[in-house]
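Engineer: sequence? don't have it. structure:
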């Protein structure tokens, strides 16, 4: 799972099956250690109600479907999961890194 | 699976129901000689690994959910075990 910053939102008036009620957020993946952008921005389905500017973590490919399977926010639903390949699954409150990785790896 | 070193941890209250009370650690993958290689990743742990431990990470959703015994967990990287020793056969 990668860290990312929510930098925008995507609105589609016409979209394919199952994606109608899902919020699609534009996120910029960040490196865990340096918090620097790592890779290109991508669009991810949102399962936790993340707002703009928040730091989140997301899952990709098969896990994104599992994240939507049977859940609508906190309530379980029977609807089929939307065809997404990235899903935000958590909003980071805080993280702690050891002083330096190199000294840990001696 | 790959061997990694736990370098930190992350806490988040608002997260997916499938991740309820999951401890989240940051793991830096190691190569065969034990040098860090690649990007740090967020892993879910239920083996009680702490910062500084060398761990074995499973990197596939199906097995990850089996380890966590939770079919709803949207995760792919889970701690499968804590590594005591990596032996490299130098005679080859």
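Structural biologist: That came in fine, so what should we check first? Because the structure is predicted, anything quoted here is derived from the model rather than measured. Numbers count the residues shown, from 1 in each chain, chains lettered A, B, ... in the order given.

Engineer: secondary structure element for residue B:65?
Structural biologist: helix B:61-68 (DSSP states H and E).

Engineer: how far is the helix or strand following that helix from where the chain is centred?
Structural biologist: Using DSSP H and E, the next helix or strand after helix B:61-68 towards the C-terminus is strand B:77-82. Mean-position distance between strand B:77-82 and its chain equals 4 Å (C-alpha atoms, centre = their mean, to the nearest Å).

Engineer: between strand B:77-82 and helix B:61-68, how big is the angle?
Structural biologist: Interaxial angle, strand B:77-82 versus helix B:61-68 (axes from the mean of the first three to the mean of the last three C-alpha atoms, to 10 degrees): 50 degrees.

Engineer: buried ones in strand B:77-82?
Structural biologist: Of all the residues in strand B:77-82, those buried under the rule 16 or more other C-beta atoms under 10 Å in any protein chain shown are B:77, B:78, B:79, B:80. C-beta here means a position set from N, CA and C on the backbone, and glycine is covered the same way.

Engineer: what do you get for stretch A:58-67?
Structural biologist: Neighbour-count burial for stretch A:58-67 flags A:58, A:59, A:60, A:63, A:64, A:65, A:66, A:67 (criterion: 16+ other C-beta under 10 Å).

Engineer: same question, stretch A:90-103
Structural biologist: Across stretch A:90-103, burial judged by 16+ other C-beta under 10 Å covers A:90, A:91, A:92, A:95, A:97, A:98, A:101.

Engineer: just the element for the spatially most central residue of chain A, please.
Structural biologist: Central residue of chain A (C-alpha atoms, centre = their mean): residue A:88, 2.2 Å from the mean position. With secondary structure defined by DSSP H and E, residue A:88 is part of strand A:86-91.

Engineer: need the contact partners of that strand.
Structural biologist: A:1, A:4, A:6, A:25, A:27, A:42-48, A:50, A:54-60, A:63-65, A:67-68, B:12-16, B:18-19, B:74 (C-beta atoms under 8 Å, 6 or more residues apart in numbering or on different chains).

Engineer: quick check: residues of chain B near chain A?
Structural biologist: Proximity of chain B to chain A (C-beta under 8 Å from any C-beta of the partner chain) is limited to residues B:5, B:7-19, B:26, B:28, B:30, B:34-36, B:39-43, B:51-52, B:61, B:65, B:72-77.

Engineer: go again with 7 Å.
Structural biologist: B:5, B:7-17, B:19, B:26, B:28, B:34, B:36, B:39-42, B:51-52, B:61, B:74-77 (C-beta under 7 Å from any C-beta of the partner chain).

Engineer: which of those are buried?
Structural biologist: The buried subset of those - by 16+ other C-beta under 10 Å - is B:5, B:7-10, B:12, B:15-17, B:19, B:26, B:28, B:36, B:40-42, B:61, B:74-77.

Engineer: from these, which land in helices?
Structural biologist: Counted as lying in helices by DSSP state H, out of those, are residue B:61.

Engineer: the nearest residue to residue B:54 once chain neighbours are set aside and residue B:48, how far apart?
Structural biologist: Using C-beta to C-beta, 6 or more residues apart in numbering or on different chains and skipping residues adjacent in sequence, the residue nearest residue B:54 is residue B:83, 4.4 Å away. Distance of residue B:83 to residue B:48, given as C-beta to C-beta, to the nearest Å: 14 Å.
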